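Asker: Everything below, folded, please.
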Amino acid sequence: MISIYKPDELSMDLLYSILKLRADVFIAEQRSCYPDIDGRDLDAGTVHLIVAEDGKVLSTVRIMDIDSCAPRIGRVATAAEARGRGLAGELMQRAVDLCAPDAQIQLSAQTQLEGWYGKFGFQRSGEDYDDDGIMHLPMIRAGQGIPA
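Answerer: A predicted model of the protein is given here:
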């Protein structure tokens, strides 16, 4: 089951669990040393989507500037033991659905995931770039009625 939280709805324990999962995946597992805690998790326009089981956060997605015409989806992470269950896909679809139909949703994808994000309507919008040792590319999902 997907749970959705605005910053003021996050308990300290839940925020800690989200940040720990992201650190486990992005920093420890992927060996990328970057400032994941970027000051945006508690912004007014930020929304966190999670799937938890037995009190443990298994998968998470963050949407920033959700009410704008150009929201940004990011920090898509799933615990190693929960992969292969489709949790990230469920969260991504729900994140896209939460954005306004005419929004141009942006994200930064690891290059090997370009096809996966393509399943949700995202298209490459620029050249590959190195982000702390991991190749990424910018992607955008044009809103309904807006040409890509």
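
Asker: Geometric centre of this protein: which residue is closest?
Answerer: The chain has residue 74 as the residue nearest its centroid, 2.9 Å off, counting by CA atoms, centre = their mean.

Asker: Mind checking what helix or strand follows the helix or strand containing it in sequence?
Answerer: Residue 74 is located in strand 72-78, with elements delineated by DSSP states H and E. Downstream of strand 72-78, the first helix or strand assigned by DSSP H and E is helix 87-98.

Asker: Who are the packing partners of that next one?
Answerer: strand 2-5, strand 47-53, strand 56-64, strand 72-78 (3 or more CB pairs under 8 Å, 6 or more residues apart in numbering; DSSP states H and E). Any C-beta I mention is one placed from the backbone N, CA and C, and that applies to glycine too.

Asker: Now with 6 Å, please.
Answerer: When contacts are defined as 3 or more CB pairs under 6 Å, 6 or more residues apart in numbering; DSSP states H and E, helix 87-98 sits against strand 47-53, strand 56-64, strand 72-78.
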